[in-house]
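Peer 1: quick check, what structure comes out for this input:
(chains A and B)
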Amino acid sequence: MDLKFSAEEERFRGEAREWLESNGPSADQRGEEPRQRAEFDRQWQRTMFDAGWAGINWPAEYGGRGASLMEQLIWYEEFARAEVPDPTTLFVGLKHGGPTLIACGSDEQKAFHLPKILSGEVVWCQGFSEPGAGSDLAGLQTRATIDGDDLVVTGQKIWTSFGDIAEYQELLVRTDPDAPRHKGISWVICPMDAAGIDIRPIRTIAGHEEFCEVFYDEVRIPRANIVGPMNEGWKVAMSTLSFERGTAFLAEQVRLARLVDELVEVARRTPLETSSQRAMALEDDEIARRLAQNRAEVEALRAMTYRSVSRTARTGMPSSEASLIRLFFSELQQRVCALAMDILGSRILDWEGQSDAHPERGTWVFHYLLSFSATIAAGTKEIQRNIIGERILGLPR
Amino acid sequence: MDLMQSEDQDAIQETVRSFLSDRLPLDRTRVLAAQFTTTEGAGEPAAIWRDAGSLGFFGLGLPQERGGAGFSVTEEMILLQEIGRVLAPGPWLGSVVAAGIAADEGERAAIVAGERPCALVAVASGDRFEVSGTEASGSLARVADAGFAQALLVRAGDGWYYVRRGDDWRVEAGRSLDPMRPLASLSFAGAECSEVASGAAAERLDDRVTALSCAEAIGGIESTVNMSVEYCKVRTQFGKPIGSFQAVKHRCADMAVRAEVARSATIYAVVSLRDAAADAAHHVAVAKLMCGDAYLKNGADNIQNHGGMGFTWECDAHLYMKRAHSFDLTFGARPAQLDTLVREMRAL
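Peer 2: Modelled structure (predicted):
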């Protein structure tokens, strides 16, 4: 058992750290408006691509770094430590669409799409969930009929992040309504400028427009855009899951650790309203214990992630413990944000929305509101518990 | 970087597990545990101890030139994890720690051979412990394995002391909450005593003891998960295994998360200690806190999952729940660990 990295790995760390420090843009420049951010993210991704740092876990033959598991872990740690912004506008292409094409795409699809995704030239979005198909994704109803060389798509998707910015969408449609639910689905590359697509942004509880509803009214998509065999779309979608090795999680862990440390500093300089002596929040024993508990849990999370990556390095398989870590992380994140609200007290009532520039209140209330999605998006905490119970513990369905 | 067990560690785990399953299975040790409070020298506990000694259990972490196996605290963690998994009675932790710290070669050899079981105790308020030259006398209210022990490692004042059992050694067994770790009051006088660590060295020994105590705890925490999962797979109601009901399934999932948190934090702390990391003490405090939280909640959830049966003496669930309490309250309960972490945090 070892916590140390090899000399080569430490050299890699040094290289990554130096490059990020010299070339990483500041988060201040990213802006608030989605289109402004999209442009920033494309440029930042291009910078990484030109320097050979894009696609840290993509195979080298597709333009990625092809880094080892430990190098990936190190990259994500250094990325978060450098406090450079994550080009989140590009996350669907980089983390889902691209890896799916690598696993299941045709040579033409790979040759056309992968370089554009990796260099930040195009933004992808995801068309999976529907109003009637969230946790039960296999219940999706968006219908695609075959007409010559085209699919004709009619239906609706929801929660499509960056739907109003993206050039392409990874779209799951029902091509065979008579087959068992998981077996009549196809994974299709949908050009977002196709005729018949109507995109409507949705406002979140944080007041911003993070994602969209997308309506399809007899949208024609070439059959050549189907990835993998027709009606095998469920398997194609699942192939992305085996790509993720848990290393990207280190960035989340570092960011959460940073967040908690920032909260300690907020507590140090913010008077607690409920204190009769107007003591700073950090001097209050209850607040301090909750903060210390959260800090300890963040460190335990790091240990869990290291263990999970160690397991993957050993077995070559994605760690089933990933669900455990995701669940623990999302609930911890919510606890930290809720604690921030208790530290700030009634100041939070004056929140002005996403543009609130108040140094403490603005960010922390926004983080807190966003944190409600942590246990809903990408697998609700109920589904995570089912996965842990059934797939890790072997309990019956 | 690799936080999984090595092949050597797997082999040690298998050896220990097999020994315990043969000599100290939980259904027998429920009865045998009391003997460790009262029995000296002869009988089954003594035979088990000598056999464990000859298998090299106590000297795992000692260098080979000092009679050990040449491993380190990480392998001691593997041993103690298995001990904790089946709540094996006896002064395992004390003997492992004493093997590494005993100043006298003869003592060390005896400890490693399994001839000198060594209990471990921290002097508490109301206790008396006095050292005069090379002799100690004392009166300690809560000592585990007091009857079986041939030596004692005592944390008192600024230091740790190694005390040899003498003729004047009075054990009065009482009743204890934790049936697998029955406590007794111990008084002694004129016992041979040497200080084995003081000041900063004593604090480092505190960390070692606490970390190895966490190692024991993670074995027990895993047992609570395994017990619950196995039961929930076979117990049926309303025509289905109860593990298929979401409330039960989700409770088991939460137990599994806590076990992984505790295990990961403990491994991190033990490896940090082995490598003398500057922040090892901090990671030990984190581990003790995480293990305390996990063991107590899992101990309770395991009872709940067993329904009416979980409320019986006969079911093993209460043994783990009670061990969770005795674990938490020894070497710094959760509030004490939190206070340590708060002090550090405020000083950042």
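
Peer 1: okay, now the domains of the chain?
Peer 2: You didn't say which chain, so I picked chain A. A:7-86, A:124-232, A:249-392 (automatic domain parsing).

Peer 1: my question was about chain B, not that one.
Peer 2: Annotated domains of chain B cover B:7-198, B:202-346 [automatic domain parsing].

Peer 1: quick revisit: the domains of chain A: which one's closest to chain B?
Peer 2: Chain B lies closest to domain A:249-392 among the domains of chain A, at 3.8 Å (Cβ to the nearest Cβ). Yep, even glycine has a C-beta here, placed from its N, CA and C like the rest.

Peer 1: quick check: mean pLDDT of the closest one?
Peer 2: Averaging pLDDT along domain A:249-392 yields 93.

Peer 1: now the end-to-end length of that domain.
Peer 2: Start-to-end span of domain A:249-392 (Cα to Cα, to the nearest Å) is 19 Å.

Peer 1: off-centre distance for it?
Peer 2: Here the centre of domain A:249-392 is set off from its chain's centre by 16 Å, with Cα atoms, centre = their mean, to the nearest Å.

Peer 1: shouldn't A:Trp187 be within a helix?
Peer 2: No: secondary structure assignment (DSSP: H, G, I helix; E, B strand; the rest coil) places A:Trp187 in strand, not in a helix.

Peer 1: so what's it scoring on pLDDT?
Peer 2: 98.

Peer 1: contacts only, for it.
Peer 2: Neighbour list for A:Trp187: A:100, A:104, A:170-172, A:226-228, A:233, A:236-237 [criterion: Cβ atoms under 8 Å, 6 or more residues apart in numbering or on different chains].

Peer 1: residues of the stretch 1-150 of chain A that sit close to chain B?
Peer 2: Applying Cβ under 8 Å from any Cβ of the partner chain, we find that the stretch 1-150 of chain A lies next to chain B at A:1-5, A:9, A:70, A:73.

Peer 1: tell me how many other residues crowd the nearest residue to A:Ala103 once chain neighbours are set aside.
Peer 2: Closest residue to A:Ala103 apart from its sequence neighbours, by Cβ to Cβ, 6 or more residues apart in numbering or on different chains: A:Ser239 at 4.2 Å. Residues within reach of A:Ser239, counting by other Cβ atoms under 10 Å in any protein chain shown, total 18.

Peer 1: and A:Ser239, what pLDDT?
Peer 2: At A:Ser239, pLDDT is 86.

Peer 1: what about it, distance to chain B?
Peer 2: Note on A:Ser239: its distance to chain B, by Cβ to the nearest Cβ, to the nearest Å, is 25 Å.

Peer 1: distance between stretch B:23-33 and the chain's centre?
Peer 2: Relative to its chain's centre, stretch B:23-33 lies at 16 Å (Cα atoms, centre = their mean).

Peer 1: which secondary structure element of chain B has the lowest mean pLDDT?
Peer 2: Least confident element among the helices and strands of chain B, by mean pLDDT, DSSP states H and E: helix B:35-38 (a mean of 87).

Peer 1: what does that one rub up against?
Peer 2: Counting by Cβ under 8 Å, 6+ apart, residues outside helix B:35-38 touching it are B:43-45, B:89-91, B:144-148, B:171, B:173, B:182-184.

Peer 1: again, 7 Å this time
Peer 2: Contacts to helix B:35-38, defined as Cβ atoms under 7 Å, 6 or more residues apart in numbering or on different chains, come from residues B:43-45, B:89-90, B:145-148, B:171, B:173, B:182, B:184.

Peer 1: what of stretch B:195-205?
Peer 2: B:101, B:103, B:158-162.

Peer 1: centre of the chain to it, how far?
Peer 2: 20 Å.

Peer 1: please apply the same query to stretch A:213-224.
Peer 2: Worked out by Cα atoms, centre = their mean, stretch A:213-224 lies 25 Å from the chain centre.

Peer 1: relative to B:Ala88, how far out is the closest residue to B:Gly70 other than its chain neighbours?
Peer 2: The shortest distance from B:Gly70 to any non-neighbouring residue, by Cβ to Cβ, 6+ apart, is to B:Gln64 (4.3 Å). Separation of B:Gln64 from B:Ala88 (Cβ to Cβ, to the nearest Å): 26 Å.
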